[in-house]
Structures are given as structure tokens and as C-alpha cells.
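Novice: Task: produce atomic coordinates for the following.
(one chain, ligands or ions: 1)
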Amino acid sequence: MCAAPGGKTTAIAILMKDEGEVVAVDRSHNKVLDIQKLAAEMGLNCITTYKLDALKAVSRSNDSYATTNLCCNEKNNGVTIQSSDLPSLHVERELTEEMNADKSCENGRNCNKTANERTYVSKAEIRKNIRRMRNGPGRNQCSGGRVQNSKGFSPHSFDRVLLDAPCSALGLRPRLFAGEETIQSLRNHAKYQRRMFDQAVQLARPGGVIVYSTCTINPGENEALVRYALDTYKFLSLAQQHPSIGGPGLLGGCEFPDGYTEEWLRPGEEKLVQRFDPSGPLDTIGFFIAKFIVGSKDG
Ligand SMILES: C[S@@+](CC[C@H](N)C(=O)[O-])C[C@H]1O[C@@H](n2cnc3c(N)ncnc32)[C@H](O)[C@@H]1O
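Specialist: Okay, the predicted model is just below:
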């Protein structure tokens, strides 16, 4: 979940020796294309991509597996457009010439066509076509590939779920704190992540694994999410991670002056998560990883 641009998706596929199936979803059409491109560049075939909002990752219908629709590009009968299928540059020249010819006609010079023969192509249209040829089609017109739209997956569809959640990114060096986040926006990230995690919990089968990760050092989006997960879903337990190179998680919690409280980890849990601190001895960005085993969901 939240897979674009596909760094972790492709790493997982490589660890799986390109066998089995890795389903990568992201809510952004163009970013899903980025995953496809990366997978193709790396010669990986076991990755299936979908455009899907992680907040709606669980299907509301009874359809098994994914309910998918073609997002666009129906005219191509499902054939992925390769760059060689795009109009070539000589067409660009022809269009430019046509544009110039139109201009001449407008000026009443060098015009061999009768008014009826002339097909009017506006300059804006020509410019748009030239742009499309250079850059590929626009955002909502399938920029060079097909993106399948998923309506969600049935509960328990997956052996393992990685939720690499969108976050405040307070661990990204050298930016770190860019001043864009407020206390409220940090709390909003946490709310959003919990809702995505709720979906991940439903998608993972009993006996499966959920990994939650962020690239922020904000405990509200990390340790507090783990607390929420363990307190809400009694069938989840933290699992040891291999390799384990990050530092321990934060114990305790925090009470803010406005009364808002965050509960973090309890003794024994801190060594089961990995916290990467950009100010620490490891030369890394800030990052956080928690791995959960999904127990029986009955009772
Ligand atoms: C931290 S990045 C993921 C990086 C990626 N996992 C990788 O390793 O290459 C977060 C991603 O979440 C996606 N995203 C944000 N909100 C989403 C949502 N509601 N549903 C699905 N994806 C979402 C963004 O488009 C972004 O690509």
C-alpha cells in the first residue's frame, strides 16, 4: 500500500526471486506508471500494479480478489503504449508546417486549398498535440501506459501487507523540518495513517504479516501508531525484524499543553521496532519500521 515510486516493491520482488505475486497500489495514476516503469526497467514480472486509494483498499462488494476496471486507454484494446507508438517527430514537423500553412491561408497568401477542403486546426490544438508528442499524454489520458483501477480487495486476500505510509517526512535529510508542518498537521498525518492501517489489518490473512513504515521521526506517526494497533487489534503482536540495525523505539508517551495525549511503547516493545534517527551514529535518513504478526481474528 502506498507503493510509488516502487523502491520497496521492486526490492520485495527481487527478494522473492520474481516469483509469486506482488501487488503494488498507489492512489496516483502517474505514480503507478512510475512503479510499472521501474519494474520493467528491472525486468521484474511478478509485480501487478493498481491505482487504489489505501483508505478504500478493502472492497465493499463480495467480489473475490480485486475488482478492477480499465482506467483509460480503452481504444488501445489493452495494449500498453510504448514510446515507439507515439507519433514520431516528423509528424511534429508536419503539424508545424500545417500550422504555418494555415497561417498563410489566413493571410490570403500561398493557399492552394479551397475553403471547403481546409480543415481548421486551432493553434492551441496544434500546440497541445506537439506537447503530447514530446511529453506523452496528460495526467488523465494515460501517459504512455495502462493503469488498472482497483475497487479494492476482499478481506484476507494477502499473506503480507507493507504499508509505507505517507507521512510528515521529518526524517528526510537535509530538509528535515522545512517549517511546513504544524502540530495540527502532524496529528492529521497520524489520523490518516491509522485509517490506512485499519484497511491493512483487514487485508492481511490470519497468520500473515503487516509491516508499517514511515520516513519520519515523529513518534505520533510511529510509536503511537504501534500503540493504537496493539490496543485496537488484540490479535496483532510485534515481531522481531531481520536485519535489525535501527535503534529502539520510544517508551512512554507525551501530554501536550492542549490536553492531547500520545501513548507510545511499553517496556519490551521498544526493541521490536526499528527507529532510524538522522542525528544518530548510523548515516541514514529518519525512518521507522514495525512488523506485526496477524493472529487469529476470531474472538
Ligand atoms: C512514502 S511514499 C511511498 C514510497 C514507496 N513505498 C517506495 O518505497 O518507493 C508514499 C506514497 O503514498 C501515496 N499515497 C498517499 N496517499 C495515499 C492514499 N490515500 N492511497 C494510496 N496511496 C497514497 C503517495 O502517492 C506516495 O507515492
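Novice: Is F197 in a helix, a strand, or coil?
Specialist: helix (DSSP: H, G, I helix; E, B strand; the rest coil).
Novice: Does it touch Y212 like I think?
Specialist: Yes: between F197 and Y212 a contact is recorded at 6.3 Å, counting by Cβ atoms under 8 Å. Every C-beta, even on glycine, is put in place using the N, C-alpha and C of the backbone.
Novice: Find the residues that touch each one of those two.
Specialist: L163, A165, L225, A229 (Cβ atoms under 8 Å, 6 or more residues apart in numbering).
Novice: Could you show which parts of the stretch 51-200 of the chain are in contact with the ligand?
Specialist: Within reach of the ligand by Cβ under 6 Å from any ligand atom, the stretch 51-200 of the chain has these residues: D53, A54, L55, D164, P166.
Novice: Could you single out the nearest of those residues to S244?
Specialist: D164 (18.5 Å; Cβ to Cβ).
Novice: I figured that closest one was touching T216, is that so?
Specialist: No: in terms of Cβ under 8 Å, D164 does not count as a neighbour of T216; the distance is 11.8 Å.
Novice: Which of those two has more residues huddled nearby?
Specialist: Using other Cβ atoms under 10 Å as the criterion, D164 and T216 rank with T216 on top: 24 against 20.
Novice: any idea which element the more buried one lies in?
Specialist: Of the helices and strands defined by DSSP states H and E, none includes T216.
Novice: mind checking how far it is from N222?
Specialist: 7 Å (Cβ to Cβ, to the nearest Å).
Novice: I'd like the distance from the residue nearest to T284 when sequence neighbours are not counted to the ligand, if you could.
Specialist: The shortest distance from T284 to any non-neighbouring residue, by Cβ to Cβ, 6 or more residues apart in numbering, is to F276 (4.6 Å). Distance, F276 to the ligand, by Cβ to the nearest ligand atom, to the nearest Å: 14 Å.
Novice: any idea which helix or strand of this protein has the worst average confidence?
Specialist: Sorting the helices and strands of the chain by mean pLDDT, DSSP states H and E puts helix 89-106 at the bottom, at a mean of 35.
Novice: Tell me, how many residues neighbour P155?
Specialist: What P155 shows, counting by other Cβ under 10 Å, is a neighbour count of 15.
Novice: That one: what's it in contact with?
Specialist: Counted by Cβ under 8 Å, 6+ apart, P155 has contacts V58, Q202, L203.
Novice: Which segments of the chain make up each domain?
Specialist: As given by automatic domain parsing, the domain ranges for the chain are 87-135, 155-299.
Novice: Take the ones you listed and lay them out in a markdown table including distance to A13.
Specialist: Formatted as a markdown table, the domains of the chain follow (distance: least, Cβ to Cβ, whole Å):
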| stretch | distance to A13 |
| --- | --- |
| domain 87-135 | 28 |
| domain 155-299 | 12 |
